[in-house]
Structure formats: structure tokens, C-alpha cells
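Student: Compute the structure for the input listed below.
(2 chains)
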Amino acid sequence: MYDVIVIGSGPAGYVAAIRASQLGLKTACVEKSFHNDSPQLGGTCLNIGCIPSKALLDSSHRYADALHQFSDHGIKVQNPTIDIPKMMDRKNKIVAQLTGGISSLFKANNVTQILGTATIMGANTVEVTYEGKTETLETLNIVIASGSSPIDIPVAKVNHKNIVDSTGALEFQAVPKTLGIIGAGIIGLELGSVWARLGSKVTILEALDDFLPMADSKISKEVLKEFNKQGLNINLGCKVNAAKSNKKNVTVNYENNGSEFELNFEKLIVAVGRKPNTENLFSKSSGLSVDERGFIPVNNFCETKVKNIWAIGDVVRGPMLAHKASEEGIMVVERIAGNQVEMEYAHVPSVIYTHPEVAWVGQNEKDLSDAGLEFKTGSFPFAASGRALATGESTGFVKVIADKKTDTILGVHAFGPSAADIVQQGVVAMEFKASAEDLGLTIFSHPTVSEALHEAAMAVNEKAIHIGNIKK
Amino acid sequence: MSTEIKSPTFPESVADGTIANWVKKEGDQVKQDEVIAEIETDKVVLEVVAPFDGKISKVLKPAGETVLSAELIAEFEKGSISEELEATKVEPLEETEEIEEVAVTEEAKEEVEIENQNEHSSDRNGPAVKKLLKEHDLNPNDIASSGKGGRVTKADVINHLDQPSKEIVQQEIEQHSANQAQANSSERIEERVPMSRLRSTIANRLLTVKQETAMLTTFNEVDLKRIKDLRAKYGKNFEEEHGVKLGFMGFFVLASVQALKKFPLVNASIDGTDIVYHGYQDVGVAVSTERGLVVPVIRDAGNLKITDVERSILDYSDKARSGKLSISEMQGGTFTISNGGVFGSLLSTPILNAPQTAILGMHSIQDRPVAIDGEIVIRPMMYLALSYDHRLLDGKDAVSFLIAIKDQLESPEKLLLNL
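Tutor: Below is the predicted model of the structure:
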């Protein structure tokens, strides 16, 4: 009899399992992916998501620097070339190191690893099947952390050869001369950046008319301009009607503004979103159900409608982000252990790891206007940041939005160098309900790009030092 | 584990009080230092705070009842709101213990504040909050906190600063609309409500003064052109330099102080058959609040500069409006200035603030034609009234005193030269 069985070992599941064990709960973590007869831990994030994509983003960024930036610094490199198999090898080693790390953490924390596919039979029963053998486990609590998979669309069926999903796009063994991407979301932009830097002629087709509608509109506008300059060739309002795999290429037919277009690509990446992994996850008798999109309905504490069954991460509402999933994992097992931990969903940050990075937390101007709330804003461009200029990374800006009356920070939005780390400072501030003045009265090291946040916070109350203040 | 909650020990001058309001109800869980009841005395509203985390088990004196100093008003159960908090308490309390002073006068409270600030605010709250607390002289323990781990946020402070006036306005609106509703339903309605403590004190005092003194009023008028010019010319500089507006009141206080020094009898008071001369000038400034008129006292006004006077007036009116004036701040006073002008009064006869001997009434400033050096000119004029106790002051003294004030206001350089 376990206290907690966690289904899935991604950033939601493994974090939940480790914390549960730390809290003295007898914990097992079930994982269906395997490698050499042992569970392949880490989920999408470590194996085919956040980590490998960051490895490739970094490699390709260095290559692009060697090609385009080094000469500005006076560094001469004769015809730099990229060895793709070597780059992939580096990425695979990092993945292996991190996934192996989780296995060690499980051992250190006494989490039992169980290999197989889990099915929830009831509030206290989980069946685990591996190679035809089924084992029945009893537990007091079940935490579902089964994750998500790329959405397949009928008009562009993934064939794992020249039409691939995000997983396949991390495995190309050569740089495609031409690369089509369906979807200008976070995944499409990051993968597009990788291959564009390595030499692909990239075309992104996005069905929506708005680019990055979840980001602050001024940031979206700037980002679109910058990425087109970088050669991502983002086309909005393009509805793909068909993608046909030929011997040597893929033919894509799409509609834009009522006209039909046809383009040929060596490879096509389908990055239109992800769907929760809830198929065959539970029996009818368990009492669980999913909504029309396949998500498991939960409340703010990630409780499902069945007592003692919890669901976290990509299988429940909210953004499909590793850090959101991990925090849910911690909240759930802390609550199982009787601790009153809660999560502030309004403070989940979002990041696009392009170059420059795009990141934000909290509400943007449109959210606030729509809600009829009064706010004030302060912005600071990296072009006025000494450190950003010294680094040669002066694109973009930081924007702080605060409540008009109380000065409480409501959102931090950044596009530029280390935007993710800058916004993270805003997350900490917001978690403590800081005001823009609080950030303004906090010491920031000089010279850092973080100073842009300091200045933007001061600009909220027209007190920025290194830029003229706009009188409101 | 039950504890007795008593009303605060009132100062000597306060005979009794009325339970104005139970902020927390019987059965409510409360945290240590949370305000559970408010007691209105004839001078200030005193707060009764919870001695520790726990529950109000029984209210013994419902709202509206009169209570004496340190009288039992409720029973309190120490307890269960947070076991952890209790466990960390250094001094465990005995089974039944009388808490002598659950609430404290403002003075004593300040001492506590200093201790608490070391414990709470300075270490726990963010920089903007620390700044605001200092600027507004607030105790973080008085502010409902919404931050992580009970921290006070800037929004909490701003909302706290907004609150008192809001509550009162709301009460008034409710009261008013209730009256209206009644008035509409029937024509000739009468409503009988008990006087608030403050109102009945004011009523008794005024009547006593009328009956026990030989009060008389003398009038004069003052041309405020020079002061207006001064304010127009230096008002902005003054505010930038000192962070407080240059008003009229500062000039009136200083002019009064100079005149009081010249006429020490006006600054004196009668005690039985003795005359008590005060070697200091403590000037009361009447401030109108939603609850009624209160008179905080500017101490040792004779030693103050105009900036100090303006600052303390601002400070007092903020405190008065938020009901935070302490008894000590309103006690004593050797002379009073009342400004009916803020409401538009052109002329009035103020009533003495016993046992003081005189009170100066300021009124509204009007542009009026006056004859100066044989010419008719338009000047910003104000009528001045000085009510005085004829038992002590002869008409000559009173009139000369008022002229001395008028002189200084019309030639403000005299204030500088102590003329």
C-alpha cells in the first residue's frame, strides 16, 4: 500500500514524487517510456521539449554569432561550419545526463520507480501493464501527471520523415534547405529560430491574424518585426488546406485573404499545439472523466471530482508549462501531507526562448482595459541600458504595469536580453504583492540588464533616471 | 482557558465611555492585537484589542452601553486560531488571567509601536511600505495585511489611509437615506436618537461656559493683502523647501502668540479665586471632523517657527479626520483659535474653551471696498472676533489685544521683528 502513486515522471510528476517522499509519504512514480528496460524519466520537458530545444537554441545561437556577430567584435573566423550530428550528440548527452539525474534523485529520496502504463481503476487502485504483464497497486492517493503530446492535424499528417512534429524537429540530421512551420506559437518560433540560424530558409504559417495574442500587444508587434528581420518569415492569417509528402519535398497549400498559395519545403514542422494525454488513463469505474478537449477537470487545488485523485500539469487547465506543472506537483503533495499550500495562478510566467527572449507575467494592457481596471505603465528600452549596449544586445524593452491607485505590480513584460530572468524578478515581486515603488526602492547591480526592470518600475511613477519620463 | 476583557483604564479627566461598536462579534475568531471593540469617550475613541489569538466567547456590554474605566466588557477564550503561533509564544499565560490594560491610550501605544516596529515592519515589509508607514506615522499592526506571511503591502497601506473617511461617509449616506426614506413615507415624522458622547460633552461644556463666565465679544477687521501677497510670492518656494503649504493659520497662530506675550492676562486662567498665569503659549486650533469639533493643541507655540506651526496643523487635521487624535493632544491649551471662515461665516461670536480666558474667531476673507489714505480701494478683508471672560479681562485689554493681532497680520514683518 502506497501513500501516493504519481502517474508520469515529467516536471509535474517527478517533482511531486520527490516532494511527497520528502514529506514522509510512501511514494511510487509510474512511467511508460523506457530505455533498456528501465523507465525513461523526465517526460516531454527533459526528453523532447524544454531541455533539448534549449541545447539546440544555444548551439545555433553560437553558430549565428560566429557568422554574424564576431566580426563586430573584431574576431575573425574563416568560414565557420556546423557539424549537425555533433550538435545533436551534445544535445543527447545533456538529455541523458538530466534524465539519469532524476533516477538518482528518486533513489536518494526513496521514490519507487515503476515501469509500465498505468490505468486508474478506482480511487485507491492503479493497474500497471508492461510487456503484457499487469500488476495491481493499492494507494491512498493518486496524482495524475500524464502530460501532453503534439496535436496532429488531418491536413498535415506527421509521417516522421519530412512532415514532423516538435519531437522530430529536434532530430534532423542535416539542415533542411527550406523549412515550413505550421504554427507561430512558442514551439514554432523556437524551432524556427534554431533552423533559420543554421541556414534553413524558414516560412511560418499561422492561422490566426494576431501574432502572439497572449503577450502584451506592443511586445508582440516588436517581436514580429525582429523575427521577420531574423528570417523567420512569419505569415499570419494562413489556413493550411493540405500538406502532401513527395519523394523529395512537401507541398503545402494554404489560403490567405481568400487567395490560394502553394509552397514546397524540404521539411515541414507541425507545431499547432499540444493535447492532454488522457486516453486509456482510467477505467469507467474510477469515476473520473475528461472535458470535450480531453482535459481532466480540477479545482484550484488540482483536486478532481474523485476524492484522493489529483491531476496536475499538462492534463489540466492552464498553460502547458513545466514550471506551472512542477508547482502544482508540490502544492498537491503538500496538501496530501496536510499542509495548506496554495498556488497563485496569476503569477505563472511565460517565456519564449528565442533570441532575444520574450517573457511576461501577470496581466497585459489589453487584459486590464478589458476588465475595466485603471493602471499605469512604465517602460525602459534596452537601447538605454549600458550593459545591453556593451553586450551588443540592445533590442527590446521592459514594461511594468501597476494599479493606478495602489501601485501594486500587475504585470511585467520583457523582450530583450535575459528577458526570462528579468521577468522572474517581477514574479518574486508580485508574489509578495510588491508595488512598482518597492522595485524602484530596491538595489539593482550595475551594470546589468536587470536594471531595465528597475528603471521601468521607476518609470511607472515618472521617476526613471536614465530616460525621459512621459508625463501621464 | 477564559480571560476577562476590560475596558481601557481611562485618563482621570474621562469619567466613563460608551461602547461605540463591537468590531468583532461574539464567537468571532480574532488574532492578537486585532481591534475587537471601540469605546467612545467624550474626548476620543479608544480601541480595545485582543490580548492574544483566540475567540470572543461572550460580550457582556453590548454596543451603546456605558462603561467605566477598566470595567469588564467581554469574556475571551484564548486559543485555537493557530496552534503554531501559540507554541512559539515565549510567556505562556495562566489559566485565567486578568488583562488590565487590553487597550491603551495613544501615548502608551506609541511605546508599544516602537517595540513592534522592530519586530515586524522594518524586517518584514517592503521598502515602499516602510516609507509610507514613516511618512504617515502608522503602526503596521493597525493595518489589515494581505501579503505573504502577513506582510503589509503598499496597497494595504493606501487602502488603510483611505478607509476611515470612507466608512464615515458610508455611514452618513446610509443614515441620510434612511431618514429620507422615512421622510417620504409620512410627512410629519420625528426621530429621537441619543446624542453621541462627543456631542453631549460639547453641549454640556458650552452651556457651563455660558453660565459660569462673563463672556463678551469684541470685533475688529483685518486687511490681509500683505499676507496674501506674501503667500502668492513665496508660497511655492515655501512648499518646496518645507514640504508643507503656507496657509493663513500659521500667521494667525504666530500673531496670537506675540499678542499673548504682550498681554499675559489673556493667556491666564481663573482657578477659584486665583489667577493662574501660564509662562507658555499652548494654542488650540479648532478642527471640524465628521464626529464633531475637536481642538488639538499646538504646544509651546511661542517657540515655534511658522513651518512648525503649519506642519503640526496639517498633522493634527489629518489625525482628527481619521479619528486618531489622542486625549493628550487635546488636553490643556491656554488660548484657542476657531476658524468659522472655512465654512463661509462672515461674523460670529465664538464661545470660550474653559478655563481659557479668550478665543479668537477667524472668518471668511472677502474683497471689500475700504478707505485707505482717503482712497477707496478693494482689499481682502476678514472680520475678527475675540470672545473673552470679562471677569478677568477689561474691555481695554481685550480690544488692545485684538488690535495687536490685527497690527501684526497687516504688517507681517512685525512677526519677524517680535514687535
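Student: Which residue is the nearest non-sequential neighbour of residue 14?
Tutor: The chain I'm using is chain A. Among residues not flanking residue A:14 along the chain, residue A:102 sits closest, at 5.2 Å (CB to CB, 6 or more residues apart in numbering or on different chains). Every C-beta, even on glycine, is put in place using the N, C-alpha and C of the backbone.
Student: Let me rephrase: I mean chain B.
Tutor: Here the residue nearest residue B:14, using CB to CB, 6+ apart, is residue B:41, at 4.7 Å.
Student: give the contact list for that neighbour.
Tutor: The contact partners of residue B:41, taken as CB atoms under 8 Å, 6 or more residues apart in numbering or on different chains, are B:10, B:14, B:16-18, B:197, B:327.
Student: Just the ones in strands from those residues, please.
Tutor: If you go by DSSP state E, the contacts of residue B:41 have B:16-18 in strands.
Student: Where neighbours are concerned, which of these has the most?
Tutor: Within the ones in strands among the contacts of residue B:41, residue B:17 tops the neighbour count with 25 neighbours, counted by other CB atoms under 10 Å in any protein chain shown.
Student: tell me the contacts of that one?
Tutor: For residue B:17, the contact set (CB under 8 Å, 6+ apart) comprises B:7, B:10, B:39-41, B:46, B:66-67, B:197.
Student: show me where the stretch 351-472 of chain A has helices.
Tutor: Secondary structure of the stretch 351-472 of chain A (DSSP state H, counting those that start in this stretch): helices at A:365-370, A:386-391, A:419-431, A:436-440, A:451-460.
Student: Nearest to chain B among those would be which one?
Tutor: For those, proximity to chain B was assessed by CB to the nearest CB; helix A:436-440 is nearest, at 3.8 Å.
Student: By residue count, tell me the biggest strand in chain A.
Tutor: Counting by DSSP E, the longest strand found in chain A is strand A:133-144.
Student: typed the wrong thing, it's chain B
Tutor: Longest strand in chain B, counting by DSSP E: strand B:375-389.
Student: which bits of the stretch 151-300 of chain B sit near chain A?
Tutor: Selection of the stretch 151-300 of chain B residues close to chain A by CB under 8 Å from any CB of the partner chain yields B:151, B:153-155, B:158-159.
Student: Now do the residue sitting nearest the centre point of chain A against chain B, distance only.
Tutor: The residue lying closest to the centre of chain A (CA atoms, centre = their mean) is residue A:321, at 4.7 Å. Counting by CB to the nearest CB, to the nearest Å, the gap from residue A:321 to chain B is 22 Å.
Student: Can you get me a residue count around residue A:408?
Tutor: That count, for residue A:408 with other CB under 10 Å as the rule, works out to 23.
Student: quick one on the thing from earlier: quick one, which of the helices of the stretch 351-472 of chain A is nearest to residue A:220?
Tutor: Closest to residue A:220 of those is helix A:365-370 (CB to CB; 10.2 Å).
Student: Secondary structure element holding residue B:284?
Tutor: Element membership for residue B:284 (DSSP states H and E) is strand B:283-285.
Student: Does anything pack onto the next helix or strand after that strand? Which helices or strands?
Tutor: Moving toward the C-terminus from strand B:283-285, the next helix or strand (DSSP H and E) is strand B:287-289. Packing partners of strand B:287-289 (3 or more CB pairs under 8 Å, 6 or more residues apart in numbering or on different chains; DSSP states H and E): helix B:306-321.
Student: in the helix it packs on, what counts as buried?
Tutor: Residues B:306, B:308-313, B:316-317, B:319-321 are the ones in helix B:306-321 that count as buried (16 or more other CB atoms under 10 Å in any protein chain shown).
Student: gap between that helix and the chain center?
Tutor: Helix B:306-321 has its C-alpha centroid displaced from the chain centroid by 10 Å (CA atoms, centre = their mean, to the nearest Å).
Student: Tell me which residues are up against it.
Tutor: Against helix B:306-321 from outside (CB under 8 Å, 6+ apart): B:164-165, B:238, B:242, B:244-247, B:249-251, B:253-254, B:285, B:287, B:289-290, B:294, B:296, B:298, B:301, B:304, B:325, B:329, B:415.
Student: what about that helix, average pLDDT?
Tutor: Mean per-residue pLDDT for helix B:306-321: 87.
Student: ok, of the contacts of helix B:306-321, which come out buried?
Tutor: Applying 16+ other CB under 10 Å to the contacts of helix B:306-321 flags B:238, B:244-247, B:249-251, B:253-254, B:285, B:287, B:289, B:294, B:296, B:298, B:301, B:304, B:325, B:329, B:415 as buried.
Student: residues near the residue of the stretch 301-419 of chain B at minimum distance from chain A, how many?
Tutor: Using CB to the nearest CB, residue B:322 is the residue of the stretch 301-419 of chain B that sits closest to chain A, at 17.9 Å. Per other CB under 10 Å, the neighbour tally for residue B:322 reads 17.
Student: separation between it and residue B:137?
Tutor: From residue B:322 across to residue B:137, the span is 11 Å (CB to CB, to the nearest Å).
Student: next one: residue A:174
Tutor: For residue A:174, the distance to residue B:137 - CB to CB - is 72 Å.
Student: How about residue A:278?
Tutor: Noted for residue A:278: a distance of 58 Å to residue B:137, by CB to CB.
Student: out of the two, which sits in the more crowded spot?
Tutor: residue A:278 (23 against 12).
Student: That one contacts residue A:293, correct?
Tutor: No. At 9.7 Å, residue A:278 and residue A:293 do not qualify as touching, with contact defined as CB atoms under 8 Å.
Student: With the flanking residues excluded, which residue is spatially nearest to residue A:345?
Tutor: Going by CB to CB, 6+ apart, residue A:345 has residue A:318 as its nearest residue, at 6.4 Å.
Student: Looks to me like that neighbour is in a strand.
Tutor: No. Judged by DSSP: H, G, I helix; E, B strand; the rest coil, residue A:318 forms no part of a strand; its state is coil.
Student: Residue A:311 is in contact with that one, correct?
Tutor: No. Using CB under 8 Å, residue A:318 is not in contact with residue A:311, being 11.2 Å away.
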